[in-house]
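Q: Make a model of this:
(3 chains)
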Amino acid sequence: MSTGKKVAALAAITIMASSSFAGLSAVHTETVSAATKPVKVTFWHAMAGPYKDALQKRIDAFNKSQSKYKVVATAQGDYTTLNQRIMAGAKSKTLPVMAQATYTQVPDYVKDGIVTSLQSQVDGKNGLSKKQLNNIYSGFLQQSKYKGEFYSTPFSASVREMFYNKTLLKKYNLSVPKTWDDIAKMSDVLKKDGIATVGFDKSFDMEWDSMVRSAGVSLVTSKDKVNVDSKKAVTAAKLITDMVADGTAKTAGSDIYGTTNFVNGKTALTFSSSAGITATQAAAAKDFDWGTAPLPSYKGKSATVLAGNSLVVTATATKKQQAGAWAFMKYLMSDKQTEKWAEATGYLPITKKATKSSAYKAYLKKNPLAKAASDSLPGAFSDTAFLGYQDYRTNLLNAVDSMLTKKTPAADALKTLSDQTKKTLKENK
Amino acid sequence: MRKTISKTIVYLLLVVGALTMLLPFFWMVSTSFKTGFEALQTPPTWLPKKLQITNWISAWKAAPFATYLLNSVVVSFVTTIGQIITAIMAAFAFAKMNFFGKKTLFTILLATMMVPGEMLIIPNFVTLSQMHLVNTYGALIIPWLASFFAVFTLRQSFASVPDQLYYAAKLDGASDWKFLWQILVPNAKSSITAIGLLQIIGSWNSFMWPLIVTNTDKMRTLPVGLQAFSSDSGVNYPELMAASTFVILPMVILYLFLNKYVVAGISGGGIKG
Amino acid sequence: MMNNQKPTWKQTLKGWLYVLPMLIIVAIFSLYPIVSSLAMSFYTQYNFFTNQVMALGFDNFKYLWEDPLFHSAVANTLIFVVGVVPLEIVISLTVAVLLNQIKVLAGFFRTIYFLPFVTSIVAISMVWKWIYNKDAGLLNYFLSFVGIHPIDWLNDPTWALPALIILAIWKSLGFNIMLFLVALNNVDKRLYSAATLDGANAWERFLHVTVPMISPMTFLIAVNAVIGSFKVFDEIFSLFGGQAGPGNAAMTVVFYLYRMFYEQNKYGIAAAAGVVLFFMILIVTLLQTWFSKKHVHY
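A: Residues are numbered from 1 along each chain as shown, chains lettered A, B, ... in the order given. Just a heads-up that it's a prediction; the model follows:
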């Protein structure tokens, strides 16, 4: 081969390689449009396994129910990956029309121009009436709003609740605890046999948050006041860390979820997301007898923090797509749909009527374990979402972690958290 | 006699080491046949009380694994072949040719090896979306068609082939191109196989990148399927372990197959210093 | 190499053409993002999504200088590198030498030692979590035979890093063993015979023939292991469930970068951390190269 031929060969290889990839890419570019076709509403979510199937059923139902819009959903991994995916999508301007997101993420998404306000949709022709809004539990409405405007709608909602081991309680002749004091008393009996009364997940932040709220304090108020190291907050945290120190309570550590200890009879109770029922059932032996109850009350009150994910609409979506996304969101919030979704997944129905519907009541009768969650709903609350919440959450988990693994006194760890949170709020002003 | 004793000790040490290496795999396979409860039981059981074959069936059904498998095979093979070709050509230039800017270029490229990949994910995603390649094989393949690590390793191996051979070939009228493919490449078979193996494994197990650049199940690869078993409230360990086993298995088989070539190549040169 | 010849224009053209296919890919997917992150490390007020830069400066580096978490990330990374690299080299060389002495079942053993390297870390870390479990874990079970009390490997800040080091060594051993085997096979057998004739015993032969003869490979493995260890991330992410270990005990520079970028959206600081890491690796690699010039025999 001469030099010229070689160069030609080289060039040919390069061109062939690049053109074959161009060909590959062309095959998979999907074509949309044609005026008669329904508006395509792309939707990214983080549901996996049976949850994903249940969601697909609701989507199919929506697509069948009307002909104007077509929702096309894709799973994007877990919540962390979904968030990364959204960031990458925002940076490259390839966002879907709608997505699942935690409501605490909303302020950051608003600042970065990723999501759009839903206020005009709520107020609009196809909006929500006062009556319809009143039908939604206040905790959910609270988390849907940021700076007084609607930015998200509640979707996959769960609460913290208590699981208890019926066999163990019977064996030691104990009743289901209703207050944190009851738990302390139980421990006297159980500790002797090496059983911890309470099991937490890796972190106890959600139980702590709920206790502080029961005591009438919000960790960070909507007016940006930081109460994480207030007297009541420190007392509640100390109660938990003391329990862990004296063996009354056990945290899950590297197991992440308290389920492992609970199903192995190492803890008599465990705190979990209400969505954890399915996972606990799967992990438990067939003859494992257990029940669910709302979180124990603290200082005479019982509050529980809402978890789970909401739905948002992206700012890059066209008017038509936004209307389509909203139609789907509204559809999901209808009594019938939210009830069906709750039945299939163990997440909570978001409207009062759905909870009271005969279908849901029949479901609860068949699945008594699911009852505690809807019983908890009246006392359910949401955290204040603020710009920099992710920062705050990382620091909060660090604070809890340092109380548990480095035995930092609650007052010190929370003081640090308070300083960090104030700084976060200031930076994001 | 002394020889037998020392041989015995050698084997003994190797067996102990091998057991350490194998244990996690044994556990993985054993757990995949347990019930959810037995998987979390303390103290653990070594072998499942009763084989739960259903775990494997439901694991396979939990995600479109057949599609994932096909994609994994396509992506790892194409990237590996691409990477080997680009590396062979570049390594040849760096090892046997003399050109302006060679040293500078080599140093700059060497420096790229010192940057963590986590930093490159988002910028590369943006680049690919500008090329309209997101959610295509292109996105999964093109960025991995070249690796400086492969060039770096191959250069070492090419450099060990005496320059005299190069001159002799040139005197015989062989072109650079011919010399590269007919003399250098066969000489470095084992290191090329090693590099290929390394790349194929990396591509096969890569998790974050396929997840970020693909939107639909049609385009995803095997490790992505592993997260179908975790939810926000727990993990289905037996099914996850079953799925892990069938994600790993093809690579083990491939290694068993390629192993021969790596060893066969050793006598003919190999990665030499 | 043909350093005695001066490059001609024709040769230069040819050389660049051979390098070109690799260079195009690397330039687009490595060089360009690296340069843009380098620039990003100086953006102090920046909208990531619109690419608007409002202010430039050294604030990001100042932040790192003052952040105690970053300091511990640097310290942990160094401990990790020092903990992993020497052990990895010694163990893989030992296994390679042992494997090199046997014929029966050699392929079988080689495969077993290579298995961890083939494995997806996402999958196998689940098993390691169980091995490290305090009450039911296998490691504590074995340690109890020698009278060591149960260690809470994954929840005790003191032991989190050692646990990570063990996993990392286990995972990467196979590849290094393979490379060492290649090098050992390339050592001229006549050198051993000559040494034996001179009366050298097995240990002396190893020290005076094997070690110098395989030193270029040892150097390659060391450089590679150092760079890989500095960049450790996947193992931490999988082993500690997306966290940096108890009390951030396994916080490394890359994990810090990841957290700043993806969790806290502080892009400039993340980029600055990447720049610091780059220089850390560069310095160590230069030291290694300088050391190798004295001790590696080509």
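
Q: alpha carbons only for contacts and neighbour counts from here, please
A: OK.

Q: Tell me the helices and strands packed up against the helix or strand containing A:Lys170.
A: Following DSSP states H and E, one finds A:Lys170 within helix A:166-171. The contact analysis (3 or more Cα pairs under 8 Å, 6 or more residues apart in numbering or on different chains; DSSP states H and E) places helix A:166-171 against strand A:290-293.

Q: How about whichever helix or strand comes after the strand it packs on and chain B, touching?
A: Using DSSP H and E, the helix or strand that follows strand A:290-293 in sequence is strand A:304-313. No. Strand A:304-313 is not in contact with chain B by Cα under 8 Å from any Cα of the partner chain; minimum separation 8.9 Å.

Q: For strand A:304-313, which strands pair with it and how are they oriented?
A: Strand A:304-313 pairs in its sheet with strand A:98-101 (antiparallel), strand A:152-165 (antiparallel), strand A:380-381 (parallel), by DSSP bridges.

Q: Next, format those as TSV and append distance to B:Leu110.
A: Formatted as TSV, the strands paired with strand A:304-313 follow (distance: least, Cα to Cα, whole Å):
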stretch	distance to B:Leu110
strand A:98-101	40
strand A:152-165	47
strand A:380-381	54
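
Q: before we move on, back to that, in the helix holding A:Lys170, what counts as buried?
A: Within helix A:166-171, the residues scored as buried using 16 or more other Cα atoms under 10 Å in any protein chain shown are A:166, A:168-169.

Q: And stretch C:227-243, by the same measure?
A: Under the neighbour-count rule (16+ other Cα under 10 Å), stretch C:227-243 has C:227-241, C:243 buried.

Q: got it, and stretch C:267-279?
A: Buried residues in stretch C:267-279 (16+ other Cα under 10 Å): C:267-278.

Q: Run through who's touching it.
A: B:114-116, B:119, C:37-38, C:40-44, C:46, C:48, C:60-61, C:63-64, C:230, C:253-254, C:256-258, C:260-261 (Cα atoms under 8 Å, 6 or more residues apart in numbering or on different chains).

Q: ChimeraX command to pick out the buried ones of those?
A: The buried residues among the contacts of stretch C:267-279 can be selected in ChimeraX (16+ other Cα under 10 Å) with this line:
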select /B:114,115,116,119 /C:37,38,40,41,42,43,44,46,48,60,61,64,230,253,254,256,257,258,260,261
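
Q: Now, the contacts of stretch C:267-279 that are in helices?
A: Counting by DSSP state H, these place C:37-38, C:40, C:60-61, C:63-64, C:230, C:253-254, C:256-258 in helices.

Q: Residue 172: what's it in contact with?
A: Defaulting to chain A. A:189-190.

Q: Could you check how far it is from B:Pro44?
A: 26 Å (Cα to Cα, to the nearest Å).

Q: how close does the residue positioned nearest the centre of chain C get to chain B?
A: By Cα atoms, centre = their mean, chain C has its centre lying nearest to C:Gly228, at 2.1 Å. Using Cα to the nearest Cα, to the nearest Å, C:Gly228 is found at 9 Å from chain B.

Q: for C:Leu191, same thing?
A: Taking Cα to the nearest Cα, one finds C:Leu191 at 16 Å from chain B.

Q: what about the closest residue to that residue other than its chain neighbours, neighbour count?
A: Nearest non-adjacent residue to C:Leu191, counting by Cα to Cα, 6 or more residues apart in numbering or on different chains: C:Val209, 7.0 Å away. Residues near C:Val209, counting by other Cα atoms under 10 Å in any protein chain shown, number 18.

Q: B:Phe26 too?
A: 14.

Q: Just the helices from the stretch 1-150 of chain B, written as ranges.
A: Counting by DSSP state H, counting those that start in this stretch, the stretch 1-150 of chain B has these helices, from start to end: B:2-32, B:36-40, B:54-61, B:65-96, B:102-112, B:121-130, B:137-141, B:148-159.

Q: Can you give the domain ranges for the chain?
A: Went with chain A since none was named. A:39-157+A:307-381, A:160-306+A:383-427 (automatic domain parsing).

Q: hmm, I had chain C in mind actually
A: According to automatic domain parsing, chain C comprises the domains C:9-59, C:62-295.

Q: so can I have JSON lines of the ones you listed showing mean pLDDT?
A: Conversion of these to JSON lines gives the following (pLDDT from 0 to 100):
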{"stretch": "domain C:9-59", "mean pLDDT": "90"}
{"stretch": "domain C:62-295", "mean pLDDT": "88"}
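
Q: Looking at those, which is nearest to A:Thr292?
A: domain C:62-295 (26.6 Å; Cα to Cα).

Q: returning to that earlier point: where's the residue nearest to the centre of chain C, which helix or strand?
A: For C:Gly228, the element it lies in under DSSP H and E is helix C:215-230.

Q: Name the residues that touch that helix?
A: B:113-114, B:272-273, C:77-78, C:80-81, C:84-85, C:89, C:176, C:179-180, C:183, C:253, C:277, C:281, C:285, C:288, C:292, C:295-298.

Q: Restricting to C-alpha, output the helix or strand just after it in PDB.
A: Going down the chain from helix C:215-230, the next helix or strand is helix C:234-239, by DSSP H and E. Listed next in PDB are the C-alpha coordinates belonging to helix C:234-239 (Å, rounded to 0.1, in the frame of the first residue of the first chain):
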ATOM      1  CA  ASP C 234     -18.100   3.200  43.500                       C
ATOM      2  CA  GLU C 235     -17.000   1.000  46.300                       C
ATOM      3  CA  ILE C 236     -17.900   3.700  48.900                       C
ATOM      4  CA  PHE C 237     -21.200   4.500  47.300                       C
ATOM      5  CA  SER C 238     -22.300   0.800  47.200                       C
ATOM      6  CA  LEU C 239     -20.900  -0.300  50.500                       C
END
